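[1] A predicted structure for the sequence below; I have some questions about it.
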Amino acid sequence: MPVAASRLSPRGERPCSVVICRGCCCGNPAKDPGTDHTGQLLRLREAEADSAGRLRVRVSDCLGPCGKANVLVVTPSSEGRRRGGRPVWLGWVNGAEVTEEVLEWVAAGGPGVVEPPVTLDLHEVPPGDPARPGPRRGRRG
């Protein structure tokens, strides 16, 4: 399926993307009442609008790992991919400071182009499995 022109830069390059989970736990004020979930998404959207096409923000249903909410995935730009960059999963992205660190990293080029700030190392998590719908089954004995 062809990619919509609006998702590509004038040279046909994909920008760096931030995928923000807003599934069962991420963005849930009951789970993290001290986090400004709405403000976080608005800040990401504001950065996207100000990026001149160098950042794309997407909202996703559950990405898993739910115990590490809020979860973001930073995907590399086309240039980052050519340089070996891979998606970076971040958990516990619950404050304005860490959101700004993510945005600064993306503005500098993101995965494959520049190393993430050292402080984001504490937030890196392995990719998760999305929460499965329906009841979970226990082990059979």
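    Structure received.
[2] when you work out contacts or count neighbours from here on, use the C-alpha atoms and nothing else.
    Noted.
[3] for residue 75, which non-adjacent residue is spatially closest?
    Excluding its sequence neighbours, the residue lying closest to residue 75 (CA to CA, 6 or more residues apart in numbering) is residue 87, at 4.3 Å.
[4] would you agree the one you found is in contact with residue 77?
    No. Using CA atoms under 8 Å, residue 87 makes no contact with residue 77, being 9.8 Å away.
[5] now the common contact residues for the two.
    Counting by CA atoms under 8 Å, 6 or more residues apart in numbering, the residues touching both residue 87 and residue 77 are residue 111.
[6] mind checking how far the residue nearest to residue 75 is from residue 112?
    Between residue 87 and residue 112 the distance is 9 Å, computed by CA to CA, to the nearest Å.
[7] shared neighbours, the two?
    Common neighbours of residue 87 and residue 112 (CA under 8 Å, 6+ apart) are residue 76.
[8] ok, the nearest residue in space to residue 81 that is not next to it in sequence - contacts?
    For residue 81, ignoring the flanking residues on the chain, the nearest one in space by CA to CA, 6+ apart is residue 112 at 6.3 Å. By CA under 8 Å, 6+ apart, residue 112 lies in contact with 76, 79-86.
[9] list the buried residues of stretch 84-103.
    By 16 or more other CA atoms under 10 Å, the buried positions in stretch 84-103 come out as 85-94, 99, 101-103.
[10] pick out the most distant pair among these.
    Of all pairs drawn from the buried residues of stretch 84-103, the greatest distance, 24.5 Å, lies between 85 and 94 (CA to CA).
[11] mind checking the end-to-end distance for stretch 105-113?
    For stretch 105-113, the end-to-end distance is 10 Å (CA to CA).
[12] wait, residue 53 sits on residue 15?
    Yes. The pair residue 53 / residue 15 is scored as a contact, 6.8 Å apart, by CA under 8 Å.
[13] neighbour-wise, which of the two wins?
    residue 15 (24 against 17; other CA atoms under 10 Å).
[14] what does the helix or strand hosting residue 20 contact?
    Secondary structure from DSSP states H and E places residue 20 in strand 16-21. Residues outside strand 16-21 that contact it (CA under 8 Å, 6+ apart) are 27, 54-63, 70-78, 106, 109-110.
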